[in-house]
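**Student:** can't give you the sequence, but here's the structure:
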Ligand SMILES: O=P(O)(O)OC[C@H]1O[C@](O)(CO)[C@@H](O)[C@@H]1O
Ligand SMILES: [Fe+2]
């Protein structure tokens, strides 16, 4: 695990082009760890017959989950599709719901797909050089609709916590799928 002293100051390197760090370790999410998040589970299982691709990896620096600290790092979401659905992060609510998050797009293109507990949704197109603000109370998921990695730098309140359970049970309200070669926002038929 990364050893940074969060009660002092420290420097950490992130390559501005790749989002990768030489000093910080990265966590990875492969398809087998999130296949049921995709609408077309059969397509996921088809891919898994031959490989278990890394869908994304992220650098988190082991920030203690303390009020007032800021957790930050980079996420690299690779290009690809499961059936017609683009590669995406699992997505989560913050356990402390009223915690916002900021993502700076280092490279690539895609969407930030957000929804609140009332089912209101925001699908924000993302491209290099933009900062997207994820408001309090909104679950958030990044989706890569391009043909190269979507690289982001993120910051959020360190005590936020990650609630995956709600999304794993209810599903996500909207999906981003390829329709005739272009990204389209569609309702998830399984969303409850
Ligand atoms: O937790 P998820 O939705 O799998 O996303 C991976 C990581 O990306 C972040 O949302 C930052 O982009 C982290 O907070 C999170 O752990
Ligand atoms: Fe988050």
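**Tutor:** Structure's in. What do you need? This one's a predicted model, so the numbers in the text were calculated from it and none came from an experiment. Ligands and ions are numbered 1, 2, ... in the order given.
**Student:** Can you name every helix or strand that the helix or strand of the chain with the lowest mean pLDDT contacts?
**Tutor:** For the chain, the helix or strand with the lowest mean confidence is helix 165-170, at a mean of 90 (criterion: mean pLDDT, DSSP states H and E). The criterion is 3 or more C-beta pairs under 8 Å, 6 or more residues apart in numbering; DSSP states H and E, and the helices and strands that helix 165-170 contacts are strand 139-144. Any C-beta I mention is one placed from the backbone N, CA and C, and that applies to glycine too.
**Student:** what does the strand it packs on contact?
**Tutor:** 56, 75, 77-80, 86-93, 101, 103, 108-116, 126, 134, 150, 152, 166-167, 172, 176, 183 (C-beta atoms under 8 Å, 6 or more residues apart in numbering).
**Student:** Report the rounded mean pLDDT for it.
**Tutor:** Model confidence over strand 139-144, given as mean pLDDT, is 98.
**Student:** what's the answer for stretch 37-56, then?
**Tutor:** 97.
**Student:** Residue 91 touches residue 113, doesn't it?
**Tutor:** Yes - Residue 91 lies in contact with residue 113 (C-beta atoms under 8 Å); the separation is 7.2 Å.
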